[in-house]
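Participant: need the 3D shape of this:
(2 chains)
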Amino acid sequence: MKDRSIHILNFVGLGFFEPAIRLASGEEVKKNLIVLFKKVLLPILSVGLFLIVWHSGATYLYTIEKDARIEKALNDRGEAAALEMKTCVESGDISCQPNTLPSPSQVWGAYKSLLMDHRVIAQKKAAFAEKVAATNAQREAQGLVAIKYTGRPSFVDQILTSLKTVFAGFLLAFFIAVPIGIMLGLSPTLRSSVNWLIQIFKPVSPVVWLLLVFMIVKTLTKNSDSDSSFIISFISVGLCSMWATLVNTSMGVSSVDKDYINVAKVLQLNVGQKVFKIILPSSFPLIFTGLRITLSVAWMVLIAIELLAQSPGLGSFVWEEFQNGANDSNSKIIVAMFVIGIIGFLLDRIMLTIQKFVTFTEETA
Amino acid sequence: MAYIELRNVSKSFGVGKDRTQVLSNINLEIEEGEFVAIVGFTGSGKTTLINLISGLMMPDEGEVLFKGELVTGPSHERGVIFQNYSLLPWLNVRNNVGMAVKEAFKKMIRKERNKRVEEYVEMVNLLPAINKLPKELSGGMRQRVSVTRALSMSPDVILMDEPLSALDALTRGNLQQEILKIWNKDKKTALLITNDVDEGILMADRIIPLKPGPKATLGPEYEINLERPRDKTALNHNEEYKKLRNSIIEYLIQIGEQRASKKENNYTLPDIKPVIKPTPFGRLNFG
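Facilitator: As a prediction, the model looks like this:
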């Protein structure tokens, strides 16, 4: 049981729990304590240190902003106004709070309020669904489109929308880059003929891709009234992120170990068997490395693209909060930042685990 | 007509100025059922020779004939045991061997194929490890899988490219016996490439030294008329064995010296001595 859970943890990339489990079963206490210290306590300490630096930095910036406000009130409207401003700031009144980097506790507060907000919206949605259930059933019977909830999406809804967009983009990248990569890898002629195009398009910025996709999709969807922002954003994400997979796949396929090719020759495999039984399995590690990079790039550019394409998701959430300028907007942006980071980390771990499942490692276990 | 025949075969690599002729004017005839060993220094073109016979490479000049027909590509009839095993790391033993069986016996039904795979894996005593991946096996076990893979296709000829040179002496001895045992069963034609004269004498009917490349050619051949089965320890006291071994080794040393003397350059070494500083502990510190 113990060994099994350790094995599973290591497999999914959470190996740092291993010493805790070993310790819990009383195995080699001294050694495991040291490992636990190194693998768990030190990271926690560094997170704590980060929070302290953040907090003191935020406090410092807060003081600067506060002083500037009082100074401005003094210069513009005289001493009485300055005093009023000072008491107003110190009382914690929302109307006159300095606008700067929020402290960790403010961010935590914003996180809780976002969750609360989500619960409220979820309730509203449920209530709405209940209210229109009968009407919708009727409409469905008449062949009409059901009435949808069109209220403000909650933070969690935005996350889900972003995940949806990133997966759509990732799948697009996967279905474009892997087959093309294989073809390029198999044929040196093809590879050299499109090499320039790849080298030129690879470093193009996400913003430019977005505009390009916008130009094309706008014209193509001229006659339909559906919302094209989702299409635009997921295609842009796919196009930005597919290059890593494309390059890695073609490299993996073109650099298969000569020994394996010799085996294929001696066994007299036909072309299809050679590709599917020898070339692809042996290039899986590189293809997966490419896919991992693709997924992380997709998640990274997604925020920027959503921000520009006006399509719902975390990116537009960040942008709206920035434009909004409410007193807790800055904190909400930081919450979004952490959520983006953590989700990116989890996505990478998921890919790593899948990679371990389907590919081989050459070194002895 | 010989079973395998090489006529004036030459093979070169590289282009322009860097072009070197690895094999030059090779003539070789192997009869059916014969076990021939080719011994030579590393880098003398032994692997190239195997690749030419197996059909993985084509000669620049001359021709390779198998059963009187020109070799134009690899075939099931000539099984190859590679030096570095060349097992597919993502397949377990069963599937590595199974892939070969499937290709060689396309019409065989699945059940029969599985039976054949198991039969051959058992022959090299690897049945307990049949579901393991190559990375979980030792070097000797991997080479046994490679041997099994080649034999399971029931080739007419077994071409062995230094199959045992990466193994330790004990494993090597065991595998030599195993290969001989299998060979003894149906006396397939076999060509063994090796750098070990003892191995050649123990296993083969005929030993042919390969002169070191570039422009490697085959040397004079040595018939081995020792009785089979040959026992390694008994052989050590056999007069004929000793004589044969010594004459082959002497020949190899002689051609080796010829090669060395060709390249000899006289460099005058500067008259300097290393300065060895005393370490704090009074001895040399190799860390």
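
Participant: contact residues of the stretch 51-200 of chain B facing chain A?
Facilitator: Residues of the stretch 51-200 of chain B lying close to chain A by Cβ under 8 Å from any Cβ of the partner chain are B:54-56, B:73-76, B:79-80, B:82, B:84, B:86, B:88-91, B:99-100, B:103-104, B:133, B:135-136, B:153. Glycine gets a C-beta too; all of them are placed from N, C-alpha and C.

Participant: could you list the domains of chain A?
Facilitator: Domain assignment for chain A by automatic domain parsing gives A:2-92, A:103-151, A:153-358.

Participant: the closest residue to chain B within the stretch 151-300 of chain A is in what secondary structure piece?
Facilitator: Taking Cβ to the nearest Cβ, chain B has its nearest neighbour within the stretch 151-300 of chain A at A:Asp259, 4.1 Å off. A:Asp259 belongs to helix A:258-266 when assigned by DSSP states H and E.

Participant: give the next helix or strand downstream of that helix.
Facilitator: Using DSSP H and E, the next helix or strand after helix A:258-266 towards the C-terminus is helix A:271-273.

Participant: output the below-cut-off pLDDT ranges for the chain.
Facilitator: Because you didn't say which chain, this covers chain A. Counting by pLDDT under 70, chain A contains low-confidence ranges at A:1, A:13-15, A:225-226, A:362-365.

Participant: I was after chain B.
Facilitator: Applying pLDDT under 70 to chain B picks out residues B:1, B:213, B:260-266, B:277-287.

Participant: what segments of it are helices?
Facilitator: B:46-54, B:93-104, B:110-123, B:139-152, B:169-186, B:197-203, B:232-235, B:239-263 (DSSP state H).

Participant: and the fourth one, C-alpha only, in CSV?
Facilitator: Read that as helix B:139-152. C-alpha atoms of helix B:139-152 as CSV (Å, rounded to 0.1, in the frame of the first residue of the first chain):
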residue,chain,number,x,y,z
GLY,B,139,23.1,-7.0,-21.4
GLY,B,140,23.3,-10.8,-21.7
MET,B,141,19.5,-11.2,-21.6
ARG,B,142,19.0,-8.5,-24.2
GLN,B,143,21.4,-10.2,-26.5
ARG,B,144,19.6,-13.5,-26.0
VAL,B,145,16.3,-11.7,-27.0
SER,B,146,18.1,-10.4,-30.1
VAL,B,147,19.3,-14.0,-30.9
THR,B,148,15.8,-15.3,-30.4
ARG,B,149,14.3,-12.6,-32.6
ALA,B,150,16.7,-13.5,-35.4
LEU,B,151,16.2,-17.2,-35.1
SER,B,152,12.4,-17.1,-34.7
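
Participant: tell me what it is packed against?
Facilitator: The contact analysis (3 or more Cβ pairs under 8 Å, 6 or more residues apart in numbering or on different chains; DSSP states H and E) places helix B:139-152 against strand B:78-81, helix B:93-104, helix B:110-123, helix B:169-186.

Participant: list the contacts of the third one.
Facilitator: When contacts are defined by Cβ atoms under 8 Å, 6 or more residues apart in numbering or on different chains, helix B:110-123 is touched by residues B:93-94, B:97-98, B:101-102, B:105, B:108, B:127, B:130, B:145, B:148, B:151-152, B:182.

Participant: in stretch A:348-362, what's buried?
Facilitator: Buried residues in stretch A:348-362, counted by 16 or more other Cβ atoms under 10 Å in any protein chain shown: A:348, A:351, A:355, A:359-360.
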